[in-house]
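**Q** Have a look at this prediction, sequence included:
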Amino acid sequence: MTTHVRNAAFLIAATALVAVGLAGCSTADTADTAGTAGTTDTTAPSSSASSTAGAPTGKITVFAAASLQKTFTTLGEQYEAAHPGTTITFSFAGSSDLVTQIQNGAPADVFASADEANMDKLVKTDIAAGSPRDFATNVLEIAVAPGNPKGIKDLDDLTASDVQLVTCATPVPCGAATAKVEQATGVDLQPVSEEQSVTDVLGKVESGQADAGLVYVTDVEGTGGKVDGVRFDAASKAVNTYPIGVLKDASNPDLAAAFTAYVRSDAGQKVLADAGFGAP
């Protein structure tokens, strides 16, 4: 068609009419193709914001359990690199503290909890949109100083008078898991302090303020040798399941949905598995 346009000898009325007709068909075909392409991404709805290759762009804030700090930071960086025009900001803390912040109006688009109980609080109060989906599991492990100077081998050893033990407070998922383990084993733990997040427990062991702490397997692995881990059989009595969901007042629900889908994708699951998380 371009050749005919350039050759003035062929610009007769009939040819012009044909050209107009063909151009109309071409435009319609292009529109149909674009419409089809826009529906191929089933994991992430299209966004009202500008997008690249149909993926939503913009900014979201993700509230996530403290035990997810390392993995979610990695997932956020990977997602941003693969989707130019996106910015993912994280707020990490104990799940119960995050729920309180969200209930009090803190701006968040996505919530990832270290247990189902705290997510249920948002579901029951109609703050979570739709049904959150499970994406990982985790179990407790005893964190001790490198070399395990106190010779701790099992949960019973944590009751010794010369062992300074730190645990999570009961409202925090790692604290609730600790309580379940105590009930299942009959062991009565007497921590010198109860912390509001698993990272606070880990920090006290790393700094030498405590001889031992009950944290997650993933937390021990993430320290790079700053603490040693002692696994115990009763940990299987309290497996924490991690759910993730979009919040009803999300400022960018499409990007929020896309990121939650990415966490549950093969790429996201690999990052979590490499960190020691179990499958949901």
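**A** On my side now, so go ahead.

**Q** all contacts plus neighbour counts: C-alpha atoms, from now on.
**A** OK.

**Q** so Val227 touches Pro146, yeah?
**A** Yes - in this structure Val227 lies within contact range of Pro146 using Cα atoms under 8 Å: 5.0 Å.

**Q** wait, Ser113 sits on Asn240?
**A** No - Ser113 lies out of contact with Asn240 (Cα under 8 Å); the separation is 9.8 Å.

**Q** quick one, which of the two is more surrounded?
**A** Ser113 (31 against 24; other Cα atoms under 10 Å).

**Q** Val227 and Pro146: which has the busier surroundings?
**A** Val227 (24 against 13).

**Q** Can you name the residues that contact that one?
**A** 143-146, 205-206, 220 (Cα atoms under 8 Å, 6 or more residues apart in numbering).

**Q** how close does it get to Gly76?
**A** Distance, Val227 to Gly76, by Cα to Cα, to the nearest Å: 26 Å.

**Q** what ranges of the stretch 1-150 of the chain fall below the confidence cut-off?
**A** For the stretch 1-150 of the chain, the stretches with pLDDT under 70 are 1-53.

**Q** Kindly recompute the last result at 80.
**A** For the stretch 1-150 of the chain, the stretches with pLDDT under 80 are 1-54.

**Q** Tell me which stretches of it form strands.
**A** 58-65, 86-93, 110-112, 133-138, 140-144 (DSSP state E, counting those that start in this stretch).

**Q** Relative to Thr260, which of those strands is closest?
**A** strand 110-112 (7.7 Å; Cα to Cα).

**Q** What lies in contact with that closest one?
**A** 60-65, 119, 242-247, 250, 256, 260.

**Q** Same check on stretch 201-208?
**A** 143-145, 166-168, 194-195, 210-215, 219, 226-227.

**Q** Pull out the buried positions in that stretch.
**A** For stretch 201-208, a neighbour-count test (16 or more other Cα atoms under 10 Å) marks 201-206 as buried.

**Q** Tell me how far the closest residue to Val187 other than its chain neighbours lies from Gly278.
**A** Computed as Cα to Cα, 6 or more residues apart in numbering, the closest residue to Val187 that is not its neighbour in sequence is Asp156, at 6.6 Å. Asp156 is 26 Å from Gly278, where distance means Cα to Cα.

**Q** between those two, which one's more packed in?
**A** For Asp156 versus Gly278, neighbours defined as other Cα under 10 Å are more numerous around Gly278 (19 against 13).

**Q** Quick check: beta-bridge partners of the more buried one?
**A** Thr137 (DSSP bridges).

**Q** re earlier: Thr89: which of the contacts of Val227 is nearest?
**A** Closest to Thr89, out of all of these and judged by Cα to Cα, is Val220, at 24.6 Å.

**Q** Would you agree the closest one is in contact with Ala143?
**A** Yes - using Cα under 8 Å, Val220 makes contact with Ala143 at a distance of 6.5 Å.

**Q** Where does pLDDT dip in the stretch 151-280 of the chain?
**A** For the stretch 151-280 of the chain, no range has pLDDT under 80.

**Q** Helices of that one, start to end?
**A** 173-185, 198-206, 217-221, 253-264, 266-274 (DSSP state H, counting those that start in this stretch).

**Q** how about those helices in TSV, adding distance to Ala128?
**A** As requested, the helices of the stretch 151-280 of the chain are exported to TSV (distance: least, Cα to Cα, whole Å):
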stretch	distance to Ala128
helix 173-185	19
helix 198-206	24
helix 217-221	27
helix 253-264	12
helix 266-274	22
